[in-house]
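Trainee: pasting the structure only:
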């Protein structure tokens, strides 16, 4: 790395306009943990929406920060590949797991269709009363007037229970699912859930995989059911995967666990924070709970639970006015696209009755659009329908602690106090 880039190894604490654009590296996770990334994205959208970072912890990469450019790449899977990874970070050499979200067609569609049934309308209708009942039980157990961590008591608990339902996982062991999801996405470090990548590998291959192979062996000998393990065990594309392609099996498990965990968990937490940041919108909600229908997609846009997705150019091409070379890494910053004033009116405002609330990038687009988008929206809708029946206010009473990640855009602690109706 050059001396110039070393000067900005840590961009946090710098004014976005004090750093030359050529030295920007928006993959630094501290920018997200401290929630100061927005000014950097604003400048990039205005001055260099297709930006080249010549050096970073993850090597060189292109950043797309405008809605239209992100859409142009998302919807062209012939030119922009999802392999070998969906994050700016390349796969670990000794833990190169395969997931269908990081596959191109036809393999992607073949494996995705195997588990698509879990989020089919008929199954969502079956799940809705179960989820509503679980939410009610969780909320009714919360203390009034005491400061609690909303993330721990509500966001994590609800998504953990939901994962257990989707996998038909032993309910008393459900917290293992959240733990494995956190291990899979954690950035190693002294304050992290894992100290290094070797520990990640040991947990995922030594604990997670054996537990699911045991469930697999049980389900493969039973008639097909509508849980994810049964669907994979009986699916033509996946039925032999644990034995013929164990890393593919592991990868798809991680994908389904993380996909069912992080989006919903962080949308519950982030939506609660947003309503407190915009009290006029909370008042609108109190006066008209029917606005939950449009508030849910607005939460998902405003929060943007996954900050980015990555593609790889399959041929030389042009994006904007920049020449992209075959093999170049392209990072689509969803967080920035969801704040693009050319695509979304007043993007920094949280508006629960937007006219077009689903005009956002949080679920992606094209063949890789999030499989569980309707499930995520349903869970959020049910959460808020049950909250407004019980509490006049979920009051944030302290600063949130944000996830130390440039991929998962989330909150780990959110102190709140509940007010009765």
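Mentor: Happy to help now that I have it. Remember, it's a predicted structure, so these values are computed and weren't measured experimentally. Numbers count the residues shown, from 1 in each chain.
Trainee: Now do the SS call for residue 412.
Mentor: At residue 412 the chain is in strand, as set by DSSP: H, G, I helix; E, B strand; the rest coil.
Trainee: Which is the succeeding secondary structure element to the lengthiest helix in the chain?
Mentor: Counting residues, the longest helix found in the chain (DSSP state H) is helix 246-277. Using DSSP states H and E, the next helix or strand after helix 246-277 towards the C-terminus is helix 279-287.
Trainee: so that next one versus helix 246-277, what angle?
Mentor: 90 degrees (axes from the mean of the first three to the mean of the last three C-alpha atoms, to 10 degrees).
Trainee: helices or strands next to the very next helix or strand once past helix 279-287 in the packing?
Mentor: Note on helix 279-287: by DSSP H and E, the next helix or strand toward the C-terminus is helix 292-303. Under the contact definition 3 or more C-beta pairs under 8 Å, 6 or more residues apart in numbering; DSSP states H and E, helix 292-303 sits against helix 246-277, helix 279-287, helix 373-390. Heads up, the C-betas are built off the backbone N, CA and C, glycines and all.
Trainee: And the helix or strand following helix 292-303, what does it pack against?
Mentor: Reading on from helix 292-303 to the C-terminus, the next helix or strand found by DSSP H and E is strand 308-313. When contacts are defined as 3+ C-beta pairs under 8 Å, 6+ apart, strand 308-313 sits against strand 80-81, strand 329-333, helix 334-337.
Trainee: contact partners of the shortest one?
Mentor: By C-beta atoms under 8 Å, 6 or more residues apart in numbering, the residues outside strand 80-81 that reach it are 73, 104, 311, 312, 313, 314, 330.
Trainee: Enumerate every residue touching the fifth one.
Mentor: Residue 313 sits next to 79, 80, 81, 324, 325, 326, 327, 328, 330 when contact means C-beta under 8 Å, 6+ apart.
Trainee: Tell me what it is bridged to.
Mentor: residue 80 (DSSP bridges).
Trainee: returning to that earlier point: now the two most distant members of the contacts of strand 80-81.
Mentor: The widest separation within the contacts of strand 80-81, taken as C-beta to C-beta, falls between 104 and 330 and amounts to 14.5 Å.
Trainee: Buried subset of the contacts of residue 313 as a ChimeraX selection?
Mentor: Here is the ChimeraX command that selects the buried residues among the contacts of residue 313 (16 or more other C-beta atoms under 10 Å):
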select :80,81,324,328,330
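Trainee: Neighbours of residue 396, how many?
Mentor: 18 (other C-beta atoms under 10 Å).
Trainee: Against residue 148, how distant is it?
Mentor: Here residue 396 is placed at a distance of 11 Å from residue 148 (C-beta to C-beta, to the nearest Å).
Trainee: Likewise for residue 66?
Mentor: For residue 66, the distance to residue 148 - C-beta to C-beta - is 39 Å.
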